[in-house]
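Asker: With the sequence up front, the predicted model follows.
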2 protein chains.
Amino acid sequence: MTILILGAGQLARMMCLAGAPLNLNVVAYDVGSKKIVHPLTGQIYTTTLEQAIVDAHAITAEFEHIPDDVLTLCCASKKFYPGKAAIKTGGDRALEKALLSKTAVKCAPYQLITEKAHLEQAVASLGKPLVIKTCQAGYDGKGQWRLKSDDQIEQIWSQMADFIASGTESAPHTIIAEQMIPFDREVSIIGVRDKSGNTAIYPLTENQHTNGVLTLSIAGKEKTVIQQQAEDAFNKLANELDYVGVLAIEFFDVAGQLLVNEIAPRVHNSGHWTQQGAHCSQFENHMRAVSGLPLGSTQLQRVTAMVNVLGQAAIPQQVLSIAEVTSHWYGKTAKPGRKMGHINVSAANLHELGERLAQLSEYLPEEDYPGVLAASTALILN
Amino acid sequence: MTILILGAGQLARMMCLAGAPLNLNVVAYDVGSKKIVHPLTGQIYTTTLEQAIVDAHAITAEFEHIPDDVLTLCCASKKFYPGKAAIKTGGDRALEKALLSKTAVKCAPYQLITEKAHLEQAVASLGKPLVIKTCQAGYDGKGQWRLKSDDQIEQIWSQMADFIASGTESAPHTIIAEQMIPFDREVSIIGVRDKSGNTAIYPLTENQHTNGVLTLSIAGKEKTVIQQQAEDAFNKLANELDYVGVLAIEFFDVAGQLLVNEIAPRVHNSGHWTQQGAHCSQFENHMRAVSGLPLGSTQLQRVTAMVNVLGQAAIPQQVLSIAEVTSHWYGKTAKPGRKMGHINVSAANLHELGERLAQLSEYLPEEDYPGVLAASTALILN
């Protein structure tokens, strides 16, 4: 069985590695080069996208910003999962908010902006500071503003106005302003839904972002009540979208109340810990779901932390001498800030995990791997 | 870093899948076609073997019957692990017995045979029945005879004589007769040794063979005393060979006394359970060892059974709906008896493993998957 993935980055690579044992032959469409490639070896095939769509038993995506014509072609084949609505929603914050509203899943108060009056209205009704984001593009902290005082309105509006003006009716450029929530922490839920509507949900992950980019995730800390809120949100959203595959939802935890921050209709960086912490990883479960196989177990087997490797071409070898440490490289050329790989650390319990993160922090400098030592200390003291 | 593997079968494939997350680019030398290929995709590279040896940071093998000229080329590069002595020993039962004798590791009484008098002597001194095998070839039950009565001597000798006569001084064809041991069960130990001599050893595996081919392995049943015997044997043999990589040793368990049956200088079918049952699989550990990385944890994390898929192109989908069941396909075309893949089943304890094997046996007919139900019953009753 052949699976075609739109996008040929690290998520496609890890889906390929997870698909091979399931007898799934995975190929990828590189949106940049417009070629069909092998997501592990980079081998370029002479196949056209049209032919690859015909040849595939199922089609999926590793990201949500897929060119419209490509998405239309794939959807027409009736083999595309998680489906057009899900991908569009994941790629447009305005659609995302509409979905949340329809399903009564909570998020921060917000205002859509297409003219200056909307911005002023947002400042008046939502208060300051505001987090302002483009609706249709940007992730990992790109394309975002923070409005802290009224005297920033003119400057930010001028940047926003240029952006809005560059949109068209079929591809509008809208902007959203959200109340900046004084959250206690960021968490995410990763779950999977199959073609019959069965779902399986991993335990909640606690995430740390640095400069808008995920740097550290820890799974296995959660209390039942928070987990249940996240699962309820997952089930409402996945069912409403008639979703097939892995869906990730990022939340702010505000004093025990979860507010959705973002929805990603795909495998997600904050679910990379499942490669070691669960029996069936998010990558294998996504491959199982889109190819029509039964879902695998999402139960936590080992408490696990994930540390992103950003911009570094290598890690000290000693890292792998720490018990239950696994590296996952993406086979990319190093560039500053680029996601190069990640490190999973597992343990029998949170205290042991803290000890192992402390060992890890001896080899990984704080400036390149922020928060590892602090997370370790917090786990050990708890 | 590039690793060249001699042999392009399922073991190379699984080493490739385990190597990618470690940032290891794995290519394989297909001894049949004499081409350098990708062990997952089958892509054929234009590189020659000589160039591939130059390009590789380390070279290893997935099997022991490597053509002499290829082995010589690889060894000359000083990048070949586990080393020539280990490969030669694994491919020649006479050398294997010499190694066991030198290291005082026990095996069944035996006699080497190059002339008819030796066969008669073996019958006289070792008794009947005898298991008779070619020293330099054959595995999975091929090239073996069983001598049960004196009137078979003439017939078996005539077959043996032809075989011995076809050898040359540089490539002798010798034969070995072993006392047939009334063993209680077959077990194996899989361990790994790095370039500095550090070793890490997995828990013992209990194996069931059917018609000379492994059909079922179970890990996690062992008592300390038996495990210790196996580890002692592993350490003696691996140290004597100055071994680097994964080494497998198969034993007969005769009333609690382990006797070596066979040594395999490579990752081994009876270690496939480590993909789900241990933090670091035998494939990852072999890749770590030959590329000079620290060894990973070999501790049992989940009791795990492995069921070989022999000759079947597919398994019922429901198999994957059983908790903690993972399939591992090798991407091969089905032929009767061919190793097509394997199924790993894990659980929290042996009783639960028994229950899951019982579920599995509902989907896997006894004639194709012998022993699954019996193993399940034994685990549940214990």
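Answerer: Received it, and whenever you're ready, just let me know what you need.
Asker: Could you use CA atoms for every contact and neighbour count after this?
Answerer: Noted.
Asker: which SSE is A:Met160 in?
Answerer: helix A:153-165 (DSSP states H and E).
Asker: elements contacting that helix?
Answerer: Other helices and strands packing on helix A:153-165, by 3 or more CA pairs under 8 Å, 6 or more residues apart in numbering or on different chains; DSSP states H and E, are helix A:116-126, strand A:144-147.
Asker: Any chance you could list what contacts the shortest one?
Answerer: Under the criterion CA atoms under 8 Å, 6 or more residues apart in numbering or on different chains, residues A:Lys128, A:Pro129, A:Leu130, A:Val131, A:Ile132, A:Lys133, A:Thr134, A:Gly138, A:Ile153, A:Ile156 lie in contact with strand A:144-147.
Asker: Which residues belonging to it are considered buried?
Answerer: Using 16 or more other CA atoms under 10 Å in any protein chain shown as the test for burial, strand A:144-147 gives A:Gln144, A:Trp145, A:Arg146, A:Leu147.
Asker: circling back: out of the contacts of strand A:144-147, name the ones that lie in helices.
Answerer: A:Ile153, A:Ile156 (DSSP state H).
Asker: I'd like the contacts of strand A:144-147 as CSV, with pLDDT and neighbour count appended.
Answerer: Supplementary listing: these in CSV, determined by pLDDT from 0 to 100; neighbours: other CA atoms under 10 Å in any protein chain shown:
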residue, pLDDT, neighbour count
A:Lys128, 92, 17
A:Pro129, 93, 17
A:Leu130, 94, 22
A:Val131, 91, 17
A:Ile132, 92, 24
A:Lys133, 89, 24
A:Thr134, 87, 24
A:Gly138, 54, 14
A:Ile153, 91, 15
A:Ile156, 89, 15
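Asker: Spatially central, which residue of chain A would that be?
Answerer: Taking CA atoms, centre = their mean, the centroid of chain A lies closest to A:His268, which sits 3.4 Å from it.
Asker: Kindly report the residues of chain A close to chain B.
Answerer: A:17, A:20-23, A:276, A:279-280, A:293-297, A:317-318, A:320-321, A:323-325, A:327-331 (CA under 8 Å from any CA of the partner chain).
Asker: where does the stretch 1-150 of chain A have low pLDDT?
Answerer: Along the stretch 1-150 of chain A, segments meeting pLDDT under 70 span A:137-143.
Asker: beta partners for the nearest residue to A:Met180 once chain neighbours are set aside?
Answerer: Sequence neighbours aside, A:Leu130 is the residue nearest to A:Met180 in space, at 5.1 Å (criterion: CA to CA, 6 or more residues apart in numbering or on different chains). Per DSSP bridges, the residues bridged to A:Leu130 are A:Leu147, A:Gln179.
Asker: quick one, which residue of chain A lies the farthest from its center?
Answerer: A:Asp151 (34.0 Å).
Asker: Surely that residue forms part of a strand?
Answerer: No - the assignment for A:Asp151 (DSSP: H, G, I helix; E, B strand; the rest coil) gives helix, which keeps it out of a strand.
Asker: I'd like the distance from it to A:Phe80, if you could.
Answerer: A:Asp151 sits 47 Å away from A:Phe80, going by CA to CA, to the nearest Å.
Asker: Which member of the buried residues of strand A:144-147 is positioned nearest chain B?
Answerer: For the buried residues of strand A:144-147, the residue nearest chain B by CA to the nearest CA is A:Gln144; the value is 32.5 Å.
Asker: Nearest to chain B: which residue in the stretch 151-300 of chain A?
Answerer: Counting by CA to the nearest CA, the stretch 151-300 of chain A gets nearest to chain B through A:Pro294 (5.1 Å).
Asker: quick one on the thing from earlier: enumerate every residue touching the residue nearest to A:Met180.
Answerer: By CA under 8 Å, 6+ apart, the contact set of A:Leu130 is A:Val123, A:Arg146, A:Leu147, A:Lys148, A:Ala177, A:Glu178, A:Gln179, A:Met180.
Asker: So which residues of the stretch 151-300 of chain A form strands?
Answerer: For the stretch 151-300 of chain A, the strands defined by DSSP state E, counting those that start in this stretch cover A:175-179, A:185-193, A:199-201, A:205-210, A:213-219, A:245-254, A:257-264.
Asker: ok so, going back, from the contacts of A:Leu130, which is closest to B:Ala348?
Answerer: A:Met180 (44.3 Å; CA to CA).
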